[in-house]
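K.L.:
make a model of this:
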Amino acid sequence: MHIGYDAKRLFHNYTGLGNYSRTLLRSLATYYPEQAYFLYSPSSRVNSETQYFMSDPAFSVRTPKGPFKAWWRKVGVKRQLKRDRIALYHGLSHEIPLGLKQAGIKSVVTIHDLIFLRYPEQYRWADRQIYHFKFRHACRHADAIVAISESTKKDIIHYFGIPPEKIHVIYQSGHERFLERQTPQWLEQIRLRYQLPARFLLYVGSVIERKNLLQIVKALAMMPAADRLPLVIVGRGKAYLQQVIEYARGVRLDSLLYFPDPCHEDLPAIYQLADMLIYPSFCEGFGIPVLEALWSYTPVITSNVSSLPEAAGPHACLVDPASPEQIAEGILRILSDEAYRQYITDEGYAYSRRFLPEVTAPQMMSLYEGICESGL
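P.N.:
Sure thing, here's the model as predicted:
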């Protein structure tokens, strides 16, 4: 079967959407090497994250030759899809080209989240209009929708009125590097490379209001000084980051904040060095840092709302993201109760096995085959 993919984020995004694209396609090629995978992108880029897709014979990369790259991705790509005899096209990040159904090409779209509708004040008006058109069009015209969590599925039904039977929850997986146990020597090398403290709390993600880093700092301010640990922040931000730093200065905790900028290959070691991950986001499509922590055998404190309980499982330390008191209580319990720490770590790792590539890739391939065989 010839399967086509919108690969723009695969080549040009190195956070959530790009990681989802690369992880899924790597998994499919590993477990279904007999299929042919075609990657359609306005342009390609070769680096450590994308080299695999440029060199593996399972993949064929297609880019436009003319100057109208945006038009090609949204409309003109259909000609190339027909030349490549694509049986099914998968829009990996919320959108599909216009007119696919009329061209006789079956399609799937992955919807990661509808946060722009839940928190419209955090997005520019123009961006909201564009997202609304793209997402709704894809949901209405694709043959099937993949939601990366039950939470996202509920939002698709609520905001777009899509029939539930059209939406398939297939959880995203993570990069298998997070499953590899690092040697003590390598861990110490990473600690020295990024000048990390001996013990620390970890936050991974964009530093934006929705992801709620400020509440972690407020929780630290509530804790006894003797129990506080440094907070290592892996992520970038602008105005909200400055707000967090200014608050930390005001309560004299800025010396506890560390801002390394690790490469992708070094991030698993940082997870494994951490005492715990704290991820008190108000809303996520899934919450990939939670999965990365669970695979790293690192305890997790995360929110009891949105998709986070799905990502973390019933045994994680789930807190109200609006309550720094609950975050502080969770930190103190994990630090002081070794039996509890071991329990949530063991149970979290066991729960996270449902997100392994060998579980998620067959679910996706089964959906593809069902669409192509049933004439949906």
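K.L.:
looks like His315 contacts Gly348 (just checking).
P.N.:
Yes - His315 lies in contact with Gly348 (CB atoms under 8 Å); the separation is 6.0 Å. Using the backbone N, CA and C atoms, a C-beta is placed for each residue, glycine as well.
K.L.:
quickly list what's touching both of these two.
P.N.:
By CB atoms under 8 Å, 6 or more residues apart in numbering, His315 and Gly348 have no common neighbours.
K.L.:
between the two, which one's more packed in?
P.N.:
Applying other CB atoms under 10 Å to His315 and Gly348 shows that Gly348 carries more neighbours, namely 24 against 16.
K.L.:
which parts of the stretch 151-300 of the chain are strands?
P.N.:
With DSSP state E, counting those that start in this stretch applied, the stretch 151-300 of the chain shows strands at 167-169, 201-204, 231-234, 257-258, 276-279, 300-303, listed in chain order.
K.L.:
least trustworthy helix or strand in the chain by mean pLDDT?
P.N.:
helix 69-71 (a mean of 92; mean pLDDT, DSSP states H and E).
K.L.:
pull up the gap between the residue sitting furthest away from the middle of the chain and Asp143, please.
P.N.:
Computed with CA atoms, centre = their mean, the residue of the chain farthest from its C-alpha average is Ala226, at 34.5 Å. Distance, Ala226 to Asp143, using CB to CB, to the nearest Å: 59 Å.
K.L.:
returning to that earlier point: identify all contacting residues around the least confident helix or strand of the chain.
P.N.:
So helix 69-71 is in contact with Pro42, Ser43, going by CB under 8 Å, 6+ apart.
K.L.:
mind listing what's buried along it?
P.N.:
For helix 69-71, a neighbour-count test (16 or more other CB atoms under 10 Å) marks Lys69 as buried.
K.L.:
can you check stretch 66-86 too?
P.N.:
By neighbour count on 16+ other CB under 10 Å, the buried set for stretch 66-86 is Lys69, Trp72, Arg73, Lys74, Val77, Lys78, Gln80, Leu81, Asp84, Ile86.
K.L.:
would it be right to say that the fifth one lies in a helix?
P.N.:
The one in question is Val77. Yes - counting by DSSP: H, G, I helix; E, B strand; the rest coil, Val77 is part of a helix.
K.L.:
and it, how far from Tyr20?
P.N.:
Distance, Val77 to Tyr20, using CB to CB: 20 Å.
K.L.:
just confirm Ile278 contacts Phe200, I think it does.
P.N.:
No - with contact defined as CB under 8 Å, Ile278 does not reach Phe200; the gap is 10.7 Å.
K.L.:
Leu241 contacts Glu209, doesn't it?
P.N.:
No - assessed by CB under 8 Å, Leu241 is found out of contact with Glu209, at 10.2 Å.
K.L.:
between those two, what contacts are shared?
P.N.:
What both Leu241 and Glu209 touch, as defined by CB under 8 Å, 6+ apart, is an empty set.
K.L.:
only the buried residues of stretch 339-356, if you could.
P.N.:
So, applying 16+ other CB under 10 Å, buried residues of stretch 339-356: Arg341, Ile344, Thr345, Gly348, Tyr349, Tyr351, Ser352, Phe355.
K.L.:
list of residues touching that stretch?
P.N.:
Contacts of stretch 339-356 (CB under 8 Å, 6+ apart): 171-174, 291, 293-295, 297-300, 312-317, 333-335, 359.
K.L.:
now these: which count as buried?
P.N.:
171-174, 291, 293-295, 297-300, 312-313, 315-317, 334-335.
K.L.:
for the chain, give me the ranges with low pLDDT.
P.N.:
Applying pLDDT under 70 to the chain flags residues 375-376.
K.L.:
residues in contact with Ala312?
P.N.:
Contacts for Ala312 were tallied using CB under 8 Å, 6+ apart; they are Gly287, Val290, Leu294, Val300, Thr302, Leu318, Gly348, Tyr351.
K.L.:
relative to Phe68, how far out is it?
P.N.:
Distance, Ala312 to Phe68, by CB to CB: 44 Å.
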